[in-house]
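In: Structure here, sequence nowhere to be found:
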């Protein structure tokens, strides 16, 4: 079944909620109360293209399987419809930035803990002298 942006936009309430993700249309009405991120997250993108919001979160394979069960059709793009946001080649996505920062954060904590242990050991050694 093909739906237009106008068709999808009409489904923008908690009791009737459609979203577009990667040009596929999903009826999330029955899933609103079960959504782990809360209903507000879905209501914010109700009747809209939620591709960017969906991908920014980094959903699990299980979430993607659940999404497939909610599919009701394909988006039919008409002239004047909003274009999907495409990443700029070579640009770093926010998810990639977060993982790099997390990796760096863990390294900093490891250095701090190791430094603390060495400092404690040196203190104990000097106290015994």
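Out: It's in. Not measured: the values here are computed from a predicted model. Numbers count the residues shown, from 1 in each chain.
In: in stretch 20-31, what's buried?
Out: Of the residues in stretch 20-31, those buried under the neighbour-count criterion (16 or more other CB atoms under 10 Å) are 20, 21, 24, 25, 26, 27, 28, 29, 31. The way it works is simple: take the backbone N, C-alpha and C, and place the C-beta from them, glycine included.
In: Check the contact between the third one and residue 70; I expect there is one.
Out: What that stands for is residue 24. No. Between residue 24 and residue 70 there is no contact under CB atoms under 8 Å: 9.6 Å.
In: quick one: low-confidence parts of this structure?
Out: 84-105 (pLDDT under 70).
In: Of all residues in it, which one is nearest the centre?
Out: Nearest residue to the geometric centre of the chain (CA atoms, centre = their mean): residue 57, 1.2 Å.
In: what's that residue sitting at in phi/psi?
Out: Backbone geometry at residue 57, expressed as degrees, to the nearest 10, gives phi -80, psi -30.
In: How about residue 22?
Out: phi 50, psi 50.
In: In space, what's closest to it - neighbours in sequence excluded?
Out: Distances taken as CB to CB, 6 or more residues apart in numbering place residue 51 nearest to residue 22, at 5.6 Å, with adjacent residues excluded.
In: surely that neighbour meets residue 24?
Out: No. Taking CB under 8 Å as the definition, residue 51 is not a contact partner of residue 24, at 9.4 Å.
In: Now do the shared contacts for the two.
Out: Counting by CB atoms under 8 Å, 6 or more residues apart in numbering, residue 51 and residue 24 have no common neighbour.
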